[in-house]
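Colleague: What shape does this take:
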Amino acid sequence: MIASFLGPYRWLSNFHPAPVVLDGVTYPTVEHAFQAAKTLDPLERRRMLLQPNPGKVKRLGQRVRKRPDWKAVRLSVMFELLRQKFAHAPLRQALLETGDAVLIEGNVWGDVYWGQCGGVGQNHLGKLLMRVREEVRA
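Modeller: Numbering: from 1, shown residues only. Have a look, this model is predicted:
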């Protein structure tokens, strides 16, 4: 089991640099693209793109005017962005080298949707990463 995306597993985090494309625009990290995908406003998306680091873009993403279908599409958006991230050869190889380990986005900030906090949570990010890993193996 990989219980968090810190230290030697930091590359599993959406904050890890890996260019991905959303609607024809290249973003420096999955986090940048994911936060931009929350809104349909081109100015807000541009603001996401220009953020100097993923932490800032995540905070900005908490304040955007969300698209009406966001809850319905957020998992598929994340899955597609992760597919792109792990299409990069070094990251793809690193993901494969996790073998059959259960991937858990363990955190202390209380995110029980994308990860787990104190062993509790839905761990959607970890589950999507394991799906990408299965696709890469095929």
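
Colleague: how far is the top helix by length along the chain from where the chain is centred?
Modeller: In the chain, assigned by DSSP state H, the helix with the most residues is helix 70-85. Computed by C-alpha atoms, centre = their mean, to the nearest Å, the separation of helix 70-85 from the middle of its chain amounts to 8 Å.

Colleague: just checking, what packs against that helix?
Modeller: strand 17-22, helix 30-37, helix 124-137 (3 or more C-beta pairs under 8 Å, 6 or more residues apart in numbering; DSSP states H and E). Any C-beta I mention is one placed from the backbone N, CA and C, and that applies to glycine too.

Colleague: Show the backbone phi and psi for the most centrally placed residue in the chain.
Modeller: Centrality entry for the chain: nearest residue to the mean C-alpha point is N14, 3.9 Å, by C-alpha atoms, centre = their mean. Torsion angles at N14 (phi, psi; degrees, to the nearest 10) stand at phi -70, psi -10.

Colleague: tell me the contacts of it?
Modeller: Neighbour list for N14: T29, V30, E31, F34, P54, L81, L125 [criterion: C-beta atoms under 8 Å, 6 or more residues apart in numbering].

Colleague: what number of residues lie near the fourth one?
Modeller: Looking back up the chat, that one is F34. 25 (other C-beta atoms under 10 Å).

Colleague: Would you mind measuring from it to F15?
Modeller: 11 Å (C-beta to C-beta, to the nearest Å).

Colleague: Now, of the contacts of N14, which are buried?
Modeller: Buried members of those, scored by 16 or more other C-beta atoms under 10 Å, are T29, V30, E31, F34, P54, L81, L125.

Colleague: Tell me the one of the contacts of N14 nearest E135?
Modeller: Among the contacts of N14, L81 lies closest to E135 (C-beta to C-beta), at 13.7 Å.

Colleague: hang on, isn't the closest one packed against V20?
Modeller: Yes - counting by C-beta atoms under 8 Å, a contact exists between L81 and V20, whose distance comes to 5.1 Å.

Colleague: related to what we said a few turns ago, quick one: average pLDDT of the longest helix of the chain?
Modeller: Helix 70-85 shows a mean pLDDT of 98 in the predicted model.

Colleague: Provide the contact partners of that helix at residue level.
Modeller: Under C-beta under 8 Å, 6+ apart, the answer for helix 70-85 is 14, 16, 18, 20-22, 30, 33-34, 37-38, 67, 91, 124-125, 128-129, 131-132, 135.
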